[in-house]
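S.K.: Structure, please.
(chains A and B)
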Amino acid sequence: MRQTNLFGRTLREAPTDATTPGTQLMLRAAIARPLAAGLYTWLPLGFRVARKVEQIIREEQDRIGAQEIRIPVITPAEYWKETGRWDALEPVTFRTKDHGGREYMIGYTHEELVMHHARNEILSYRQLPTMVYHFQEKGRDEERPRAGLLRVREFVMKDAYSIDRDWEGLDKQYWAQHGAYTRTFERMGLKAISVESDTGNMGGDVAHEFQVLTEVGEDRIVICPKCDYKANMEKATRRIPDQTSTATVPARSAIATPGAKTIDDLVSSLGLKADSFLKTMVYRDSSGGRVLVTLPGDREVNEPKLRKILGVSALKLEPMGPIAGFLGPVDFSASQKLLDTSVIKGKPYITGANKVDTHLKDVVFDRDFTVDKVVDVHDVREGDACPKCGTAVTIRRGVEVGNIFKFGPYYADKMNATFEAEDGTRKPLMFGSYGIGIGRAVQTIIETSHDDKGIVWPPAVAPFHAHVLALATNDDAVRAHADALVQELEAAGLEVLYDDRNESAGVKFADADLIGIPFRLTVSKRTLKENAVELKARIEEKGTLVPRDEITKKMRAVIGERRRP
RNA sequence: CGGGGUGUAGCGCAGCUUGGUAGCGCGCAGCGUUCGGGACGCUGAGGUCCCGGGUUCGAGUCCCGGCACCCCGACCA
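M.R.: Just a heads-up that it's a prediction; the model follows:
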């Protein structure tokens, strides 16, 4: 590929609205261009990377026996209505109607469609287990796209679906995918770790995410430095010290706390620590009843955990008017009262009195108030005890590059998808799904593999194997030699980007560093004199002269024997 | 969903306070000189100043309304 013909140009300066280093490099190196908020067009350099990422995924999916199919982008409403997700996904999906008024959405994901086909194709246990996958666009009307390709509104995902007779079979295919993911990310140069995750609006209950730790990530991951515990903060738990206070506590009494509407206010006005208080909040459950949630003043509600407990997809604090800020669990009537597991038994707390400017002191759980359920609804923090081994955990940011879900019969039950088992009974198809976002993977590679000059592509996903630079393109001898070299390399099966532009050496070197192709081959008057070519790896400071007649063999060796198809 | 910021040439920005011929750097085109780390000279092209309305003799600039994009926060009782 001649660079004079390359569609898309490199930028000296990144647009100011590109905030992460990877986004800046992605734009500067002509990987992709924005079209609208959260919508990007792949340019040739980026598209080549995306295709290589896809190919690695394809090979690893094929290796575990998954079969490639393709389901349309435009999906009819009827299947989504069977599972209730037509309504549940409304706020985050793109929808349209055909001329006959029939409703469609751009697939947010494809579980329903796979399940629909599966129930028609799979009649007998003899056809199981099986696994299919496809690469297809997903449309998600994200409230807030961000960081270039990291969170967008349309993107290609590889989504795979396993179908089994029973939990045992599902478990086997689930872990086969887990293994495939580990190999897939390793091959594309991503250091991804597997963490326990919440299942969100996907349904089901067992899930892992593959997270790449980086400061630009939007997820927070709880990691135990000692054992193997790793979990998304949305799901993470901690070992709670078994504390019980046996001190004799005087009867509760009211105290005046004018204007002290927050824990911070109370801490500063009463001079006590935040964990001396109980904070109480009111939400609504799925049937519209008031839910009272009480937890220690130094802890915060973990909304994903609470959503799951309440079975709702969105949470909203109930407007409580003037007594907001003075709420407490004593004598408050609600359809459900929840207490967080970290509230210490027997300990006297200060709580709101459900009366303006008033709190109650010496409030003890079980003596002064009772609850319906004690549940884990609090955030884990840096330094909390690991739930497995008790070591202080750390919290890091991560990008979720892949996820795997074990649904079991969840979709089959809703969609009446059954097969005839060996004993003649009808059983639900056991289901799992497994996703990797292509664009996010590419952007994450850039975020985690660059230096101050540009991208450093892992060889397996680089847009080209080699970047040939002809210095002084107006020199006939240099040009002729570079032309011949490129031809020879391409004939040997190498993918070559050829900088044949009439630019200064500095510009060419700078662009080569920016684009980040693993190997740079320089042809110049200087190298011609030695009858050699300068070979420099992107990750090395200096290059070496390689004799002209050995260069192709040498490049074949460093790239591997891989030929172009 | 809320808050903040920004829209002027392909990119980065100035001009707006105080209304009066739309600018700078990079990039781009032509010619010439250069040619191993973002070269130099000369000449030149390139604008719906986000959109609509208003005020005014006159609006990039002032006023009103809208749109787009970016960032932050996810309501903490």
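
S.K.: could you pull out the strands for the stretch 101-250 of chain A?
M.R.: Using DSSP state E, counting those that start in this stretch, the strands of the stretch 101-250 of chain A run over A:103-106, A:130-139, A:154-164, A:192-196, A:206-213, A:219-223, A:230-232.

S.K.: Which SSE is immediately downstream of the last one?
M.R.: Once the chain leaves strand A:230-232, the next helix or strand it forms, by DSSP states H and E, is strand A:253-256.

S.K.: picking that back up, can you lay out the strands of the stretch 101-250 of chain A as CSV showing mean pLDDT?
M.R.: Formatted as CSV, these follow (pLDDT from 0 to 100):
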stretch, mean pLDDT
strand A:103-106, 92
strand A:130-139, 95
strand A:154-164, 95
strand A:192-196, 89
strand A:206-213, 89
strand A:219-223, 87
strand A:230-232, 84
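
S.K.: quick one: which of those is nearest A:Trp42?
M.R.: Among those, the nearest to A:Trp42 by C-beta to C-beta is strand A:154-164 (9.5 Å). Where you see a C-beta, it was placed from the backbone N, CA and C, and this is true even at glycine.

S.K.: and the closest one with strand A:130-139, angle?
M.R.: 160 degrees (axes from the mean of the first three to the mean of the last three C-alpha atoms, to 10 degrees).

S.K.: Paired strands for strand A:154-164, with orientation please.
M.R.: strand A:130-139 (antiparallel), strand A:430-437 (antiparallel) (DSSP bridges).

S.K.: hang on, the earlier thing: I'd like the strands of the stretch 101-250 of chain A as CSV, with mean neighbour count and distance to A:Asp357 appended.
M.R.: Below are the strands of the stretch 101-250 of chain A laid out as CSV (neighbours: other C-beta atoms under 10 Å; distance: least, C-beta to C-beta, whole Å):
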stretch, mean neighbour count, distance to A:Asp357
strand A:103-106, 18, 50
strand A:130-139, 20, 50
strand A:154-164, 24, 51
strand A:192-196, 21, 43
strand A:206-213, 23, 45
strand A:219-223, 21, 36
strand A:230-232, 23, 40
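
S.K.: for chain A, which spans come out with low pLDDT?
M.R.: A:199-205, A:313-314, A:561-565 (pLDDT under 70).

S.K.: Hmm, A:Arg33 and A:Leu27 touching each other?
M.R.: Yes. Here A:Leu27 reaches A:Arg33: they are 7.4 Å apart, a contact under C-beta atoms under 8 Å.

S.K.: Between those two, tell me which one has more neighbours.
M.R.: A:Leu27 (22 against 13; other C-beta atoms under 10 Å).

S.K.: got a list of what that one touches?
M.R.: Going by C-beta atoms under 8 Å, 6 or more residues apart in numbering, A:Leu27 touches A:11, A:14-15, A:18, A:33, A:148.

S.K.: Leaving out chain neighbours, which residue sits closest to A:Ala460?
M.R.: In space, and not counting its chain neighbours, A:Ala460 is closest to A:Arg187: 5.6 Å by C-beta to C-beta, 6 or more residues apart in numbering.

S.K.: Ok, A:Ala231 next?
M.R.: A:Glu196 (4.2 Å).

S.K.: if I've got this straight, A:Cys479 is in a strand?
M.R.: Careful, residue A:479 is Arg and not Cys. No. Read with DSSP: H, G, I helix; E, B strand; the rest coil, A:Arg479 is helix and lies in no strand.

S.K.: what's the neighbour count on it?
M.R.: Neighbour number of A:Arg479 under other C-beta under 10 Å is 15.

S.K.: same thing with A:Glu530?
M.R.: There are 12 residues near A:Glu530, going by other C-beta under 10 Å.

S.K.: Apart from its chain neighbours, what residue comes closest to it?
M.R.: A:Leu545 is the one closest to A:Glu530 (C-beta to C-beta, 6+ apart), at 5.6 Å.

S.K.: Quick check: bridge partners of that neighbour?
M.R.: A:Glu534.

S.K.: Please convert the contacts of A:Leu27 to TSV, extending it with distance to A:Asn474 and secondary structure.
M.R.: Output for the contacts of A:Leu27, formatted as TSV (distance: C-beta to C-beta, whole Å; DSSP: H, G, I helix; E, B strand; the rest coil):
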residue	distance to A:Asn474	secondary structure
A:Leu11	25	coil
A:Ala14	31	coil
A:Pro15	33	coil
A:Ala18	35	coil
A:Arg33	31	strand
A:Gly148	37	coil
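
S.K.: Show me where the stretch 401-550 of chain A has its helices.
M.R.: A:410-415, A:438-448, A:476-491, A:505-515, A:525-529 (DSSP state H, counting those that start in this stretch).

S.K.: tell me the most buried of those helices?
M.R.: Mean neighbours per residue, mean count of other C-beta atoms under 10 Å, is largest over these for helix A:438-448, with a mean of 25.

S.K.: okay, it in CSV with CA atoms only?
M.R.: Taking C-alpha atoms only, helix A:438-448 is exported to CSV below (Å, rounded to 0.1, in the frame of the first residue of the first chain):
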residue,chain,number,x,y,z
ILE,A,438,-14.2,-5.1,18.4
GLY,A,439,-13.8,-1.3,18.5
ARG,A,440,-13.4,-1.2,22.2
ALA,A,441,-10.7,-3.9,22.0
VAL,A,442,-8.9,-1.8,19.4
GLN,A,443,-9.1,1.4,21.5
THR,A,444,-8.0,-0.5,24.6
ILE,A,445,-5.0,-1.8,22.8
ILE,A,446,-4.0,1.7,21.9
GLU,A,447,-4.7,3.0,25.4
THR,A,448,-2.4,0.3,26.9
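
S.K.: Just give me the neighbour total for A:Asn302.
M.R.: A:Asn302: 22 neighbours (other C-beta under 10 Å).

S.K.: Leaving out chain neighbours, which residue sits closest to it?
M.R.: Closest to A:Asn302 by C-beta to C-beta, 6+ apart is A:Asp379, at 4.7 Å.

S.K.: what do you get for A:Ile446?
M.R.: Closest to A:Ile446 by C-beta to C-beta, 6+ apart is A:Gly22, at 4.1 Å.

S.K.: Now do that neighbour against RNA strand B, distance only.
M.R.: 11 Å (C-beta to the nearest atom of the strand, to the nearest Å).

S.K.: One more: A:Gly408?
M.R.: 30 Å.

S.K.: Then A:Met555?
M.R.: For A:Met555 relative to RNA strand B (C-beta to the nearest atom of the strand), the value is 17 Å.

S.K.: Enumerate every residue touching the residue nearest to A:Glu530.
M.R.: Per C-beta under 8 Å, 6+ apart, neighbours of A:Leu545: A:527, A:530, A:532-535.

S.K.: With distance to RNA strand B as new columns, can these be given to me in TSV?
M.R.: Shown next, in TSV, are the contacts of A:Leu545 (distance: C-beta to the nearest atom of the strand, whole Å):
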residue	distance to RNA strand B
A:Thr527	4
A:Glu530	9
A:Ala532	9
A:Val533	8
A:Glu534	4
A:Leu535	10
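
S.K.: residues contacting A:Leu327?
M.R.: Here A:Leu327 is in contact with A:280-282, A:292, A:320, A:352, A:354 (C-beta under 8 Å, 6+ apart).

S.K.: let's go with 10 Å and repeat that
M.R.: For A:Leu327, the contacting residues are A:278-282, A:292-294, A:318, A:320, A:351-355, by C-beta atoms under 10 Å, 6 or more residues apart in numbering.
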